[in-house]
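J.: With the sequence up front, the predicted model follows.
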Amino acid sequence: MSRGLGFNGLHPAVAMLYFLVLLVSCMMFTDPVMSGLTLLALVALHLSLDGGRTMRRGLKLYAVLALFIFITNPLFSSRGATILFYFRDRPVTQESVVYGALFALSLVNVLLAFAAYSLVITSDKFLLLAAPIAPQTAFAITVTLRFIPLLTRRLKQIMTVQRAFGYIYPGMRKKLLMREGMETMHTLVAWSLEESMQSAASMRSRGYGSGKRSSAVRYRMEARDWACLWLIVLLGSQIVIGRLYGVHDYEVFPRLQPLDVSLSAWVHLGCYAVFLAIPPVMNGKERLHWRIIRSRM
Amino acid sequence: MAHYQIQNVSFRYAGSDAPILDGISVDIDDGDFVLLCGPSGCGKTTLLRQLKNEVRPAGKREGSIRYDGASIEELPARRSVEEIGMVFQHPDSQIVMNTVWQELVFAMENLGYPSDQIQRRIGELVPFFGMEEWLHRQVHELSGGQKQLLSLASVMSLRPKALLLDEPTAQLDPIAAREFIGLLARINEEMSITVIISEHRLEDLFPLVTKALVLRDGRIAYAGSPGEAARQIGRSGSRDDAAFLPSATRLYLQGGGFGEEGAVPLTVRDGKRWLQARTGKLNGADGQRGETFLAEGKAASAAAPPGKPLLTGKGLYFAYEKDAPMVLGGLDLDIREGELFALFGSNGSGKSTLLQVIAGAIKPLRGSLFLEGVSLLKKRLAGSVGYVAQNPLLYFTRDTVGAQLDDRLERLGLEKRESRLQELLERFGLEGLESRHPFDLSGGQQQKLALLIVLLGNPRLLLLDEPTKGLDPLFKGKLAELLADLRRRGTTILMVSHDVEFAASHADRCGLLFDGRMAAAEDTRSFMRENYFYTTAVQRAAGSLYPEAVVLEDVPL
C-alpha cells in the first residue's frame, strides 16, 4: 500500500497523536479566540482533505445542534450578573447567552475534528496500528467488516425469493412481516453457518493458526514523520501545559472576563496557531507544488 | 519420481459403511495437469481432499498416498501449507478478508513471512494475475470471476508445487471460466506446477490437460491422456460416459472414429478438420450432401406450430437506483404457451433482473406485463408464476425436508392428500428424505427440492435462473427430462442461462438480451445458426458442412 504525500501520507501513529492533541484542545478551550481559531482551522483542514464534501454533508446536523444549544442554554440557566431581558419571568443573562454560544462552538469543533479523523485514519490504517497491539482483535474486526456487505447481499437474495412467493408484499401486516422476518433470518443463519465450514477449510489450508502472524505492511517512520512528531510533541506540550498553568482560562461567570492579552497568552496563541496550521500547510504545499510543476510544463 | 503416488486408496466417511472411494491407484508426475471428472457423488471431491492434510475429511482410509516419495501424513505442517495449494468451489465462502490486498497477503501473513518478502511476492503476483485495477477494492465489489482469481492468487503467493482445485469454475459464467482455465494452463506450463482439478466444464479443459481420470462410484473408470481416455470411452460404447467428453470428440466417437489411427480431435478446430477429411473420403464431392440435408432441416423447422401468447411484456424499464444506468431499457418480450424459452446474455445484461420483475419480486419503473391478458403489475395472481433462483439454499427455512414441504402446503392452503406432492416426490426421486435437513442433501437433490417447492403452487409459467449451473452432464440430462415432463403437463418455462449446449438440445426458442433489450428472439435452430459465439461447438465444428447441425444428433454420421 503506497503512502501519499501531504497530511494523509503521514505515519498513522503520528496522525493519531495529532488528532488526540486536537481533540483535547477542542474540549479544553472555552476562550472565544481559541475556539474561533479552532473552527477556522478545522474548516481549512476539511477543505484541504476532500474539498469539504464530508463537512457539507454534516452541515445541517451541526447547525441544528449548535442552534439548539445556543437557544436553550440561556432559557434554562439564569447564571450571570448582566440581565438582558425577562422571558416568562425568568431573567435571560448576557453571560449565559455567551456561554451557550461558546458551548455550541466547541461542540461543533469536536464533531468536525472527529469527521476529519475518520477521513485521515481510515479503518485500514486503524487496523494496521491495532495489529501489533491486539492481533486477534484486529483480525476479527477485518473479517467482520467483510461480513456486513456479504450478509446484506444474502438477505436481499432471500427476500427476493420470499417476495416472488408472495410471502412478503407491500402493505402487509406488521405481525406477519415479523414472522417472515424470522424465516429470513433462519435461512440466513443456516446458510452462513454452512458456508463458514468452507471458510474454515480455506483458512486452514492457507496456514491460519499455524504460528505467529506477521504483517504485510509496516509503516516506517520517515524523516517527515519524525519532524512532524517533534513539532506535535513540542507544540502540544506547550498548549497543554500553558492551559494547565491558567493561560487562556476563560471564565464566563459571574461576569464576562476581558480577553487575555498578556505576553504569555500571545505566545500560547501563537503555538496553537502553528499547531493548527500543520495539516492545511502540508496539504497546501502539495497542491502548490503541483501548480508550480504544471506552470513549468 | 512421481509427485503423488496413490496406491489402492479406499475411503469411508465416519459413520458410514459405503465406501466413497474404492481402490483408487494412480501416479501423478511432477508438472502433470490432471482432470478428475465423473458424475456428482462419484468421489472426485473426496479424492482431491485426501491429497492435502489440512482438508482431509474425517473417516477411515485404506491404502497409501505418497507425496514426494514419503507418506503424506508425515509431511510437515508448514511444507503441506506451502507446497500444496487448494482452491474451492464457492467464491464467497473461501475468501476471508475484507479487501483484495488483505486477502492476497493472508496466507503469507499466516506463515509469518517478513514484510519485505511479502511486498516482493505481491509485486510479482499482481501483474501476473492482472489485478492492478482492483487491488485496493473491497471484496464485495468484485465479480465472481475476479473472486476466484483472487483465491488462486492468494494460494499462489506461497509458491506451491501442487495445486488442487475443486470445481473452481462451477459458479462462473463461461467467459470468466475460460479466463480462469487459461490462467491455470499458463501456471502449469510456465511454472511446471502440478495441477489437479475436478470439473464439469470439460469443453475448455479437456484439450489442455495431460491426464484425464473419469471416476464412477469411487473407482477409476477410465484413465490416460485425454485422447486415450476418449478412445476407451468410445470402445466401451457407454453414452453416459461419453457425456463427459467435448462435443468435437463426441462427434468423432459418433462417427466411429475411435477405431481409426491418428490423434483424437479434442477441439472444435481439430473436429472440423477430421470431419472435412472424413466427408471428403466418403462423398468425393464435398458440399453436396450438406445441401440436401439443409433442405430437410428447413422443412422440419417450418412444421413447428406457434403457440398462443402466454406472457407479453412491453417497454419494460428498470434501474436499481435513481441515477444508476438502466438495467432494462424498453424491453419487449413475448413467451408462448407451452414453450421452453432460453434467454442468453452476458453478466449484468439484466437477465436475472428480468426474471425477478416477472416473478413480482421487483417492480419495473415503466412498462406493461400481461399473463394471458391479466396485468401482472396491477394484480398479483397467486401462484401463476413460479420463480426458481440460482441458489436452492434460499428456499430452505425449516429444519427438515418434511417440515419445509408442510409449510409450503399450509401457505398454499392445500391438503397433503389432494396436492401433487406425492406424485412430484416420486417423479423427482426425493421420497424418503422427509426427516433429513435440507442442507444435508446433495447439491442436485437441493436443486430438485427447491424446484418441487415452487411447483407445488402449480404455476402456469416457471422461471428458472441458470438451472444448469454447476451440474454434471448426467444430472443435466435428468433435469431436461423433468422439464420436458412438466411441459407435457402444460407448464411454460422461461429460463435464463449461459449453457448454450443445454438450450440447443431442449429449448424451443432462444433470445439474446443486450443492453437491457431483447436483441434477438427466434427459434433455437435459426438462433444458433445465425450466431457466431453464442452457438454450440457442434455448429462451429460441423456448421460449414451441415448448416442445420446444432446438436450431435443432427450430424448424419
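T.: In hand now; what should we look at?
J.: What are the boundaries of the helices in the stretch 101-250 of chain B?
T.: With DSSP state H, counting those that start in this stretch as the criterion, the stretch 101-250 of chain B has helices at B:115-128, B:144-156, B:174-191, B:202-205, B:226-236, B:239-242, B:247-254.
J.: Regarding chain A, what is its longest helix?
T.: Determined from DSSP state H, the single longest helix within chain A is helix A:263-296.
J.: got the buried residues for whichever strand or helix holds A:Phe147?
T.: In this assignment (DSSP states H and E), A:Phe147 forms part of helix A:135-165. In terms of neighbour count (16 or more other Cβ atoms under 10 Å in any protein chain shown), helix A:135-165 has its buried residues at A:138-139, A:141-142, A:145-146, A:150, A:154, A:157-165. The way it works is simple: take the backbone N, C-alpha and C, and place the C-beta from them, glycine included.
J.: Would you pull up how far that helix lies from the middle of the chain?
T.: 26 Å (Cα atoms, centre = their mean, to the nearest Å).
J.: which residues touch residue 245?
T.: As the question left the chain open, I've gone with chain A. By Cβ atoms under 8 Å, 6 or more residues apart in numbering or on different chains, no residues touch A:Tyr245.
J.: look at chain B instead
T.: Applying Cβ under 8 Å, 6+ apart, we find B:Leu245 in contact with B:Leu202, B:Phe206, B:Ala230, B:Ile233, B:Leu253.
J.: gap between the first one and chain A?
T.: Plainly put, B:Leu202 is 24 Å away from chain A if you go by Cβ to the nearest Cβ, to the nearest Å.
J.: Run a quick check on that residue versus B:Pro246, I expect a contact.
T.: Yes - the pair B:Leu202 / B:Pro246 is scored as a contact, 6.0 Å apart, by Cβ atoms under 8 Å.
J.: And the longest helix of chain A, what does it pack against?
T.: helix A:12-28, helix A:32-50, helix A:223-244 (3 or more Cβ pairs under 8 Å, 6 or more residues apart in numbering or on different chains; DSSP states H and E).
J.: Let's test this: mean pLDDT of the first one, rounded?
T.: Helix A:12-28 shows a mean pLDDT of 92.
J.: separation between A:Thr38 and chain B?
T.: For A:Thr38 relative to chain B (Cβ to the nearest Cβ), the value is 33 Å.
J.: And for that residue, nearest residue in space, chain neighbours not counted?
T.: Residue nearest to A:Thr38 in three dimensions, not counting chain neighbours: A:Asn109, with 4.9 Å by Cβ to Cβ, 6 or more residues apart in numbering or on different chains.
J.: element containing the one you found, please.
T.: Assigned by DSSP H and E, A:Asn109 falls within helix A:94-120.
J.: With B:Ala519 instead?
T.: Judged by DSSP H and E, B:Ala519 forms part of strand B:517-523.
J.: Give the other helices and strands that the helix or strand just after that strand contacts.
T.: Using DSSP H and E, the helix or strand that follows strand B:517-523 in sequence is helix B:524-530. Contacts defined by 3+ Cβ pairs under 8 Å, 6+ apart place helix B:524-530 against helix B:288-303, helix B:500-506, strand B:509-514, strand B:517-523.
J.: any idea which of these scores lowest on pLDDT?
T.: Among those, helix B:288-303 carries the lowest mean pLDDT (a mean of 44).
J.: Export the helices and strands packed on helix A:263-296 as TSV, with columns for mean neighbour count.
T.: Listed next are the helices and strands packed on helix A:263-296 as TSV, based on neighbours: other Cβ atoms under 10 Å in any protein chain shown:
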stretch	mean neighbour count
helix A:12-28	19
helix A:32-50	19
helix A:223-244	16
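J.: Nearest to A:Val281 among those helices would be which one?
T.: Nearest of the helices and strands packed on helix A:263-296 to A:Val281, taken as Cβ to Cβ: helix A:32-50 at 8.9 Å.
J.: B:Gly432 and B:Ile220: what is the separation?
T.: 31 Å (Cβ to Cβ, to the nearest Å).
J.: Would you map the helices across the stretch 301-450 of chain B?
T.: Counting by DSSP H, counting those that start in this stretch, the stretch 301-450 of chain B has helices at residues B:351-359, B:401-412, B:421-428, B:443-455.
J.: Tell me where the model's unsure across chain B.
T.: B:1-2, B:281-306, B:380-382 (pLDDT under 70).
J.: wait, which of the helices and strands packed on helix A:263-296 is closest to B:Leu164?
T.: helix A:12-28 (38.8 Å).
J.: contact partners of the closest one?
T.: With Cβ under 8 Å, 6+ apart as the contact definition, helix A:12-28 has outside contacts at A:7, A:10, A:34, A:38, A:106, A:109-110, A:113-114, A:116-117, A:120-121, A:125-126, A:128-129, A:219, A:221, A:225, A:228-229, A:232-233, A:235-236, A:239-240, A:243, A:272, A:275-276, A:278-279.
J.: Find the nearest non-adjacent residue to the residue nearest the centre of chain B, please.
T.: The centroid of chain B falls nearest to B:Gly470 when counting by Cα atoms, centre = their mean (3.3 Å). For B:Gly470, ignoring the flanking residues on the chain, the nearest one in space by Cβ to Cβ, 6+ apart is B:Ala170 at 3.7 Å.
J.: Repeat that for B:Ala248.
T.: B:Gly271 (2.8 Å).
J.: Which of the three states applies to the one you found?
T.: Under DSSP: H, G, I helix; E, B strand; the rest coil, the three-state class of B:Gly271 is helix.
J.: In contact with A:Ile69, which residues are there?
T.: A:Gly100, A:Phe103, A:Ala104, A:Leu107.
J.: With respect to B:Met86, which of these is nearest?
T.: Looking at the contacts of A:Ile69 and their distance to B:Met86, the nearest is A:Leu107, at 54.3 Å (Cβ to Cβ).
J.: Now do that closest one against chain B, distance only.
T.: 33 Å.
J.: Just to check, that residue is in contact with A:Val64?
T.: No - A:Leu107 is beyond contact range of A:Val64, at 11.5 Å (criterion: Cβ under 8 Å).
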